[in-house]
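Participant: got a sequence here, can you model it:
(one chain, ligands or ions: 1)
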Amino acid sequence: MNNYQHILLAVDFFEQCDVVIHRAKDLAERYQATLSLVHVVDSLPITDAGYGVDIPFNLDLTAELMENAKIRLIELATKLAVPEECRWLEMGSPKVEIIRIAEENNVDLIIVGSHGRHGLALLLGSTANAVLHHAQCDVLAVRLQDN
Ligand code: AMP
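Facilitator: Numbering: from 1, shown residues only. Reported below is the predicted structural model:
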């Protein structure tokens, strides 16, 4: 069995993500693997189908979210010494983007937290669950304590 060579850490910057970050850093060091980071700014459309009301896509808000996320990602990447070519800041559905980045970059281990988000995401099924079911490589879901 080969060692992992490319580990992708999916980071949501929510409470408790440090536990997941430490696990990814530790495994990357043990396996001498490349460590990559992905963060996805969720573009979930907010729609009230019953009344046909869409909350308009707010370009200013989106740009601000991307900018804040970029700063957080750079801070984390600097701390973990992850080079620019191994950082991905995407917009869209977290589960889709995490799996896409993993497949396009020959990732052999994706690391996620067992949970991270609340509210709407829970109704739609968790990112961790979707990644576990659809990724073609190994997935480690780091157990986080329930709040
Ligand atoms: P969730 O299933 O949404 O509760 O989140 C579980 C884990 O999926 C988190 O601990 C992260 O590792 C990953 N994740 C969730 N949302 C995102 C996101 N927007 N960008 C990157 N990773 C995410």
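
Participant: ranges for the strands of this protein?
Facilitator: For the chain, the strands defined by DSSP state E occupy 6-10, 34-42, 47-48, 53-54, 87-92, 109-113, 138-142.

Participant: now the third one: mean pLDDT?
Facilitator: When pLDDT is averaged over strand 47-48, the result is 50.

Participant: up against the ligand, what does this structure have?
Facilitator: Applying CB under 6 Å from any ligand atom, we find that the chain lies next to the ligand at 10-12, 20, 38-40, 42, 94, 98, 112-113, 115-117, 121, 126-128. (Each C-beta comes from the backbone N, C-alpha and C, glycine too.)

Participant: now list the buried members of the residues you listed.
Facilitator: Among these, those scoring as buried are 10-12, 20, 38-40, 94, 98, 112-113, 115-117, 121, 126-128 (criterion: 16 or more other CB atoms under 10 Å).

Participant: quick check, the residue in the protein closest to the ligand?
Facilitator: Nearest residue of the chain to the ligand (CB to the nearest ligand atom) works out as residue 113 at 2.4 Å.

Participant: in the sheet, who's paired with that residue?
Facilitator: Taking DSSP bridges as the rule, residue 113 bridges to residue 142.

Participant: could you pull up the residues touching it?
Facilitator: Listed by CB atoms under 8 Å, 6 or more residues apart in numbering, the contact set of residue 113 reads 12, 14, 16-17, 19-20, 128, 141-142, 144.

Participant: can you give me the helices for the protein?
Facilitator: Counting by DSSP state H, one finds helices in the chain at the ranges 17-31, 59-80, 94-104, 120-124, 127-134.

Participant: still on that earlier bit, would a markdown table of the strands of the chain with distance to residue 73 be doable?
Facilitator: Shown next, in a markdown table, are these (distance: least, CB to CB, whole Å):
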| stretch | distance to residue 73 |
| --- | --- |
| strand 6-10 | 11 |
| strand 34-42 | 5 |
| strand 47-48 | 28 |
| strand 53-54 | 29 |
| strand 87-92 | 5 |
| strand 109-113 | 16 |
| strand 138-142 | 19 |
